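>>> I would like to see how this sequence folds:
(4 chains)
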4 protein chains.
Amino acid sequence: MHIGLIGLGRMGGNMRDRIRNAGHEVTGYDQNQEISDVEGVADLVAALPEAQRIVWVMVPAGEITDSVVTQVAAQMHSGDIIIDGGNSKFSDDTRRAADLAERGIGYVDAGVSGGVWGRENGYGLMVGGPDDTIATLMPIFDALRPEGPAEEGFVHAGPVGAGHYAKMVHNGIEYGVMQAYAEGYEILAARDDLIDDVGAIFTAWQRGTVVRSWLLELLVKALNEDPDLDEIRGFVADSGEGRWTVQEAVERAVPAPVISAALFARFDSRQEDSPAMKAVAALRQQFGGHATKAAADG
Amino acid sequence: MHIGLIGLGRMGGNMRDRIRNAGHEVTGYDQNQEISDVEGVADLVAALPEAQRIVWVMVPAGEITDSVVTQVAAQMHSGDIIIDGGNSKFSDDTRRAADLAERGIGYVDAGVSGGVWGRENGYGLMVGGPDDTIATLMPIFDALRPEGPAEEGFVHAGPVGAGHYAKMVHNGIEYGVMQAYAEGYEILAARDDLIDDVGAIFTAWQRGTVVRSWLLELLVKALNEDPDLDEIRGFVADSGEGRWTVQEAVERAVPAPVISAALFARFDSRQEDSPAMKAVAALRQQFGGHATKAAADG
Amino acid sequence: MHIGLIGLGRMGGNMRDRIRNAGHEVTGYDQNQEISDVEGVADLVAALPEAQRIVWVMVPAGEITDSVVTQVAAQMHSGDIIIDGGNSKFSDDTRRAADLAERGIGYVDAGVSGGVWGRENGYGLMVGGPDDTIATLMPIFDALRPEGPAEEGFVHAGPVGAGHYAKMVHNGIEYGVMQAYAEGYEILAARDDLIDDVGAIFTAWQRGTVVRSWLLELLVKALNEDPDLDEIRGFVADSGEGRWTVQEAVERAVPAPVISAALFARFDSRQEDSPAMKAVAALRQQFGGHATKAAADG
Amino acid sequence: MHIGLIGLGRMGGNMRDRIRNAGHEVTGYDQNQEISDVEGVADLVAALPEAQRIVWVMVPAGEITDSVVTQVAAQMHSGDIIIDGGNSKFSDDTRRAADLAERGIGYVDAGVSGGVWGRENGYGLMVGGPDDTIATLMPIFDALRPEGPAEEGFVHAGPVGAGHYAKMVHNGIEYGVMQAYAEGYEILAARDDLIDDVGAIFTAWQRGTVVRSWLLELLVKALNEDPDLDEIRGFVADSGEGRWTVQEAVERAVPAPVISAALFARFDSRQEDSPAMKAVAALRQQFGGHATKAAADG
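Sure, this is the predicted structure:
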């Protein structure tokens, strides 16, 4: 099979390698010409088999994806297929699929998990779209997914949007799981009078325990490299997916206290100073005459 | 009536004034001799009516209270009464009362709310102890509590410990209520593209709305003095009572998501950097190759 | 002044009374003909002064409001004004105002707080719209708002949408404040071995304490009527505004742990059984052989 | 080696098997004579090598453990060792170790994770105590821990108490991780209009994804057995360890929003009706005239 792949960053670049290693042909395009196989989107589409062009778009979510999809579609004809493998919002998929369907172009949304380890381990895939389009793409999905039973690393989650919806929830869970380990880390680290070596405890949780997981193994790796995490600041970005998970939970009246707490902890981590806590400090000063820290105290 | 009062800080000093204004006699002691009426605890007890000495202890919670109570009791005889009006843990009251009872000394725990405004407005009082001891002390409680129906500013909550228990829960609620306003403040302030003047909105909530309250009025006052809270840092201390409220809720299997969230927000506000968020940042770096902020970036 | 008012339920009916009591004329319409002054929307608009018709729409949020606004506008000409006093989402206001502006019809969004007590106490008002339109409507706002300084019960919060935005945040805060009291109530009630009478404690918090508020007074009223809340189930609906507050906080990266916890508690309260907790129970059974409750156990 | 083992339930019984399978001798005692090797505690101690008796106590936490430890110690002499492998609170360990030390009896606290799968997979072990005592016990620990590098399934976490402390935090993390998956499950299940088969999505997360873990595998197993979890109620017990984790976090001023949210969700799951939500419903009725559900409505 021969597909086009747009976006050759940390994710896309590794995916190109993995698909090629499986024996398929990939023409890749990236704004960075040093890693790009072609000069532009038009060249990329032109390089693909005329009968049915398949282009996997692997760029950051949001307006960029829309713009790239539009550019690609402009070069396509009826029967071609676009896969959005980025972290798009599931509701954007429905809109895009409808737009493309008017011109006979197929659309599949693919949630891709695994990070930089996917090249070696394979990527967990959650896809949404029509059965026949998915069937056409199965050789590529098989190339990307991990070794082992297909259903343990790939799922056709439902119609268009279902793939990104499943990925969104995956990431929401991921936020919660990471925060759970992180809180445990801090509680252990707070007791250096009792606990000899926090890293040794996480290390020992890798076998036999209830909390063993891949994320735990990564935390062990991080603690081996920097035992007290001295080299890193507690500043954590968030992509849209955690936010959408909470917003969707709210929309559906699903209680999501853990995922939202994990999200809010990230928001907190990025604030120089918290307007809310300024308000609380101001209140305490008003009723209790409690001393506050002046902004000038830094 | 003539009582002794130990601790003449922001709370105790004002209470002395209010009790005196009600026509009672107060002998006050404080480590700070400039505001103290006597030189020491022994002098204070000696200055009180021999028949029944009543001493109100108004010092910070914890070991200090125990030490002062012990000093006072050493000067007392059977039939005398000690009131602990500080923010002691309710379980400490039971122990203290039992110790003093062996010597015939009465003990009452009093939760006192109202902050620096109590001198003028009166103090909300929640007390615990035996009926007859409380009855003896009513003139003092009546002097301290606000004008109006007694039951709207004073409660005999139960046996020894019940006063501080009620005050503990009061403060737990206070944390939650303050945080609710504070989050609302931050959400409004985040939309300066839409909301002209956040302070004007809080000002307008003082009459007619569901959220009107004394704390709201204090926040209006604070925003009038410093509209963007530029002069204050979002650094918020916590006394023991919010912590005890959460620990007691956990002990009794009572869900307390709001009070605990308010408490944790205070903990957060005091951290230079969060060990938990370092762990989350480290994890993201491990699986995603996401850039982190180095500690050196400050 | 003479205005039209559509929707004469718990809120609208009382508002009609209050505006009339202030000396204005109100023509009211409601689907329920028994309380309606006219037979239909067309009759209502026809009954208003030809020069400038002003109609206050006071119906539940969502599609109903859009439909009523459309019906009213169909009867209007350039220079007329529609006020949406319901709990619409602020983003709907912008859309509606733009639609109406094409035909020269003015639009103001008004958040109205105070519940069934507003008739007597006045309503807290937060409005959004152009200065001149607001100026035109001031006599009505003055009739509705509480006695006292205007700025303590009324705010022109900003352009169209700002009124409902402020009301949305008001309700988000309200959720948090209510939940804080509620958690305190449950913690006190859990200790009937120590606390004689929970209602007496809330009663005593009405004067002098830091947590005194109008909501506290309402809780005292409720506990007087039903001391153990035996007659009421812990089942709590939510209108859209709490949800929008959380979704907006998430959109703006504002941590809102307390408001979201209060919202989730309401979601929880309405679940017969929680799918999430089924999953947790299933997990415990898998790893620990812990007994679970069969669904059949009821 | 030959040790005694008291408590042959789901954990102890399997541990006896695993230790025996490793070639050691185990004399087990349980109140249930059918599975017990001896008739009483005295018989058990008498059956052990006179030189140094080693008894592993594997009973539920709390008073029972204290009572059993006391019974065992009464039969012991200086140089013998007791291991508490149950879920005791870490602060109890310090007290017990001090009591036993007076008589020369060694004490080790062991946190044991792995549930019913430990017999086959081995148990994750976290132990606290003096180096030489731990060294003596290593053959038993090696028998119990999983195959693979010792440090990945066993840790000497620190002095007495450190083992149970590490296990406490392990369980706190476990609560958070389980709740994260559970919330994700509920969000997916709420969208049966989009998501074809929630179980298939969890199944597909087992390979390649960031959230893969042993708990995820168990959830897949549970969903295979009962795809909509129809046979199970959302009623979840909690042992002491989640509570202690939150209480300890509060004690140490460590924010623990996720672990506490997970704990509170369990508390919620066991309430027939929530006193807090009754209070919220009562408040809404008071200010809004909102209909409530009467308790009689069931």
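>>> Low-confidence regions, chain A specifically.
Within chain A, the stretches with pLDDT under 70 are A:291, A:295-298.
>>> any idea which helix is longest in chain A?
In chain A, with assignment by DSSP state H, the single longest helix is helix A:162-189.
>>> Just give me how far the following helix or strand past it sits from the chain centre.
The C-terminal neighbour of helix A:162-189 among helices and strands, as given by DSSP states H and E, is helix A:198-204. The chain centroid and the centroid of helix A:198-204 are separated by 27 Å under Cα atoms, centre = their mean, to the nearest Å.
>>> now check helix A:198-204, is it near chain B?
No - residues of helix A:198-204 contacting chain B under Cβ under 8 Å from any Cβ of the partner chain: none, with a closest distance of 9.4 Å. Using the backbone N, CA and C atoms, a C-beta is placed for each residue, glycine as well.
>>> Residue A:31 is in contact with residue A:9, correct?
No - Residue A:9 is not in contact with residue A:31 according to Cβ atoms under 8 Å; the separation is 9.7 Å.
>>> These two: which is more packed in?
Just comparing residue A:9 and residue A:31: by other Cβ atoms under 10 Å in any protein chain shown the higher neighbour count belongs to residue A:9, 16 against 12.
>>> Next up, phi/psi of that one, please.
Residue A:9 adopts backbone torsions of phi -80, psi -150, taken as degrees, to the nearest 10.
>>> tell me the contacts of it?
By Cβ atoms under 8 Å, 6 or more residues apart in numbering or on different chains, the residues touching residue A:9 are A:30, A:58.
>>> For it, give its distance to chain D.
According to Cβ to the nearest Cβ, to the nearest Å, residue A:9 and chain D sit 17 Å apart.
>>> just residue A:259 next, same as before
Taken as Cβ to the nearest Cβ, the span from residue A:259 to chain D is 5 Å.
>>> Also residue A:256?
Distance from residue A:256 to chain D, by Cβ to the nearest Cβ: 5 Å.
>>> Touching, that residue and residue D:187? I think so.
Yes - between residue A:256 and residue D:187 there is a contact under Cβ under 8 Å: 6.9 Å.
>>> So between the two, which is more surrounded?
residue A:256 (32 against 28).
>>> Now do the contacts for the residue lying closest to that one once chain neighbours are set aside.
Closest residue to residue A:256 apart from its sequence neighbours, by Cβ to Cβ, 6 or more residues apart in numbering or on different chains: residue A:249 at 3.8 Å. Residues near residue A:249 by Cβ under 8 Å, 6+ apart: A:172, A:255, A:256, A:259, A:260, D:183, D:187.
>>> Could you check which residue of the stretch 1-150 of chain A lies nearest chain D?
residue A:124 (3.3 Å; Cβ to the nearest Cβ).
>>> shared neighbours, residue A:256 and residue D:187?
With Cβ under 8 Å, 6+ apart as the test, residue A:256 and residue D:187 both reach A:172, A:245, A:249.
>>> Mind checking what secondary structure the last one has?
Pointing back at residue A:249 there. helix (DSSP: H, G, I helix; E, B strand; the rest coil).
>>> The residue of the stretch 1-150 of chain A closest to chain D - how many residues pack around it?
For residue A:124, using other Cβ under 10 Å, the count is 29.
>>> these two touch, right, it and residue A:115?
No - look at residue A:124 against residue A:115 with Cβ under 8 Å: they stay out of range, at 10.2 Å.
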